[in-house]
Structure formats: C-alpha cells, structure tokens
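Based on what follows, work out the 3D shape:
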Amino acid sequence: MAGGRGCGTLDSRSQMRHRNQCLILALALSGIAASNASGGTLTFTFSFTNSIGNTPGAVTGRVVGLGDNATGPATAVLIDSYPLAFDPTPFSLPIDATDFPNQFLNTFTVASGSITSAQFDATSQFRSTPPSQYVLNFTTTFGQFFDTTNVPTCCSLRLNTSGPISFAQASAVPEPASFGLVVAGGWVAWLIRRRTIRQQ
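Predicted structure coming up:
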C-alpha cells in the first residue's frame with residue numbers, strides 16, 4: 001500500500017523506520033516541554049513565629065513569580081495569616097504586600113529551586129479605624145511584621161511579631177509553550193499506538 005512519508009501514513013516497507021522516527025519526535029517534544037517547565041515561575045511559602053517581639057503568634061504567606069537560577073523581584077508577596085492582636089477585624093486575606101504604597105525592597109535570588117537571598121520591605125497605607133499602618137520586612141533568615149501607629153516617634157514598634165523565617169517551594173508554573181509541546185508529543189505517541197494496533 002502506497003502512502004506518504006508523514007507519521008500518519010506508514011507504508012509496509014518503511015513502517016518500522018517511520019515508527020521509530022515518530023517515537024523519537026514524541027520523546028524530543030516531551031523533553032523540550034520538561035525543559036521549558038523547569039524555566040517557569042516558582043512560588044514559595046514563608047513563615048516566621050514570634051521569638052523576640054512583643055506580639056506572640058505567626059505570620060505566614062507566599063512569595064510569587066520568582067525565576068529559578070535568577071535574581072529579581074517577586075510579582076506578589078501575599079500575607080495569608082498574621083496574629084489577630086494586630087487587628088481583630090483584619091484586612092481581607094490574603095494581603096498583597098507588593099500593593100502597599102511604600103515599597104522599599106523587593107529582590108530575591110533563587111538557585112536550584114531554593115531561595116538563597118531575600119530582601120523585602122514594604123509599609124501599608126494608614127487606616128484610622130482601627131488605627132494601623134503595617135510593615136512587612138524580611139531577609140533570608142529573619143522576618144518582622146509590625147504596626148507603627150499610635151507611637152510617639154517614627155518607627156517605634158507598637159506591635160511586633162519577629163523571628164527566624166523559613167521558605168519552602170510551593171509549586172512551579174510551566175511556561176504556556178510547554179503545554180503545547182506536551183500536547184504535540186502526546187498526539188504523536190497516540191498516533192503511533194493507533195497505527196500499530198490497526199496493523200496487527
């Protein structure tokens with residue numbers, strides 16, 4: 001039976017050769033997809049529990065949009081929880097600290113899927129009811145969350161939750177092109193299997 005040379009039309013003389021070529025193509029596409037996925041953005045969780053401040057409890061959150069083996073800013077730094085002593089009627093959570101009007105530091109270094117350097121410092125807008133103006137500040141090893149309102153001088157700490165900080169990778173988001181490569185590789189593999197079953 002005569003046929004074309006594409007993966008979908010295999011003649012009897014070159015059936016095995018074309019099948020192998022298509023299989024190699026499928027594996028190559030899958031490999032490229034995996035490589036691209038590793039180049040996607042990373043999300044990390046963070047948490048620190050009070051050890052030296054005057055307000056017990058923990059602050060937890062997420063650092064979003066970091067590239068692996070790269071240095072740069074996070075696209076979002078989300079606060080998922082903080083001690084209710086700061087505000088018994090808290091902001092709607094999560095709070096994105098990158099939306100705070102006063103941004104001072106936002107730089108992270110990631111190597112092999114781990115944060116190796118972190119510097120973040122931002123101050124929220126002032127709220128009058130209840131009086132509050134929050135600061136989230138952390139480095140690679142230490143985190144602070146405090147309220148600077150109702151104090152006689154600037155930057156005195158009214159409420160302060162501070163302690164060693166830890167980071168953990170939460171997820172990797174593949175680049176959109178990776179999904180197309182995965183679909184293409186899967187389609188080729190399915191076509192090979194379908195043709196093989198028909199010819200048995």
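
Show the low-confidence segments of the chain, by residue range.
By pLDDT under 70, the low-scoring segments of the chain are 1-39, 88-91, 129-130, 150-157, 171-200.

rerun that using 80 as the cut-off
Across the chain, the ranges flagged by pLDDT under 80 are 1-39, 87-91, 127-132, 148-158, 171-200.

what's the domain layout of it?
With domains defined by automatic domain parsing, the chain comprises 18-37+176-199, 41-173.

which SSE is the closest residue to A170 other than its chain neighbours in?
Once flanking residues are discounted, A170 sits nearest to T43: 4.4 Å by Cβ to Cβ, 6 or more residues apart in numbering. For every residue, glycine as well, the C-beta is placed using N, CA and C. Assigned by DSSP states H and E, T43 falls within strand 41-49.

which residues sit against that strand?
Identification of contacts with strand 41-49 by Cβ atoms under 8 Å, 6 or more residues apart in numbering yields 57-68, 75, 110, 113, 115, 138, 142-143, 161-173.

who does it pair up with?
Sheet pairing for strand 41-49, assigned by DSSP bridges, gives strand 58-67 (antiparallel), strand 159-173 (antiparallel).

possible to save those as a markdown table with mean neighbour count and distance to T148?
Shown next, in a markdown table, are those (neighbours: other Cβ atoms under 10 Å; distance: least, Cβ to Cβ, whole Å):
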| stretch | mean neighbour count | distance to T148 |
| --- | --- | --- |
| strand 58-67 | 20 | 16 |
| strand 159-173 | 17 | 9 |
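
Make JSON lines from those and add distance to F126 to it.
Formatted as JSON lines, the strands paired with strand 41-49 follow (distance: least, Cβ to Cβ, whole Å):
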{"stretch": "strand 58-67", "distance to F126": "20"}
{"stretch": "strand 159-173", "distance to F126": "15"}
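
show me what contacts I79?
59-61, 93-97, 136, 145.

Now do the same for V77: helix, strand or coil?
Judged by DSSP: H, G, I helix; E, B strand; the rest coil, the three-state class of V77 is strand.

Pull the number of nearby residues for it.
27 (other Cβ atoms under 10 Å).

so it sits right up against L136, yeah?
Yes - look at V77 against L136 with Cβ atoms under 8 Å: they come within range, at 7.1 Å.

Between those two, which contacts overlap?
Residues touching both V77 and L136 (Cβ under 8 Å, 6+ apart) are 97, 120, 122.

in the sheet, who's paired with the last one?
This points to A122. Q103, L136.

Now tabulate the shared contacts of V77 and L136 in JSON lines and tack on neighbour count and distance to S132.
Formatted as JSON lines, those follow (neighbours: other Cβ atoms under 10 Å; distance: Cβ to Cβ, whole Å):
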{"residue": "A97", "neighbour count": "26", "distance to S132": "14"}
{"residue": "F120", "neighbour count": "22", "distance to S132": "19"}
{"residue": "A122", "neighbour count": "20", "distance to S132": "14"}
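
Kindly indicate which of these lies nearest F104.
A122 (6.5 Å; Cβ to Cβ).

if I pick that closest one, what's in contact with it?
A122 makes contacts with 77, 97-98, 100, 102-106, 135-137, as judged by Cβ under 8 Å, 6+ apart.

Thanks a lot, catch you later.
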